[in-house]
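S.K.: Model the structure of this input:
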Amino acid sequence: MQISSVEINGIVVLKLAGKIMGGPEAGQVNDKIHELIATGKQKLIIDMSDLELMNSSGLGIFISAVNTLKNSNGQLVMIHVPDRIIQLFKMTRLISVFNIADDLDQAFDALK
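M.R.: Numbering: from 1, shown residues only. Sure thing, here's the model as predicted:
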């Protein structure tokens, strides 16, 4: 799992590459997201364009992040979500939990 981040106008964009299948890679993602939230970052964009695969561990991480951000008036938007992950969201009936945008511009608009 590779995680890179950049901050643009107070909004953190996290780019994920690899798989979130539990174990150390899930811990990396969870720790990074919650570290950002703990330091006061309330607007996050998760770029999933290079995310190959995700299971229930990944779902749990993102549900936790969305809930934590909502409790602090923050927001999380996902972009470039691969079709197989969209299908996972639909199969688990969690599609409505996540704010999904097509690209960075739409994500920034959603976070205004």
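S.K.: tell me what the longest strand seen in the chain is packed against?
M.R.: The longest strand of the chain (DSSP state E) is strand 43-54. Judged by 3 or more C-beta pairs under 8 Å, 6 or more residues apart in numbering; DSSP states H and E, the packing partners of strand 43-54 are strand 11-20, helix 23-38, helix 56-71, strand 75-79, helix 83-91, helix 104-110. Where you see a C-beta, it was placed from the backbone N, CA and C, and this is true even at glycine.
S.K.: Quick check: bridge partners of the spatially most central residue of the chain?
M.R.: Taking C-alpha atoms, centre = their mean, the centroid of the chain lies closest to I46, which sits 3.9 Å from it. Beta bridges link I46 to L14, M78, judged by DSSP bridges.
S.K.: I figured it hits V77, correct?
M.R.: Yes. With contact defined as C-beta atoms under 8 Å, I46 and V77 form a contacting pair (7.4 Å).
S.K.: any idea how far G10 is from the residue nearest to the centre of the chain?
M.R.: 16 Å (C-beta to C-beta, to the nearest Å).
S.K.: Nearest residue to Q42 in space, please, no chain neighbours.
M.R.: With sequence-adjacent residues excluded and distances taken as C-beta to C-beta, 6 or more residues apart in numbering, Q42 is closest to G74, at 3.3 Å.
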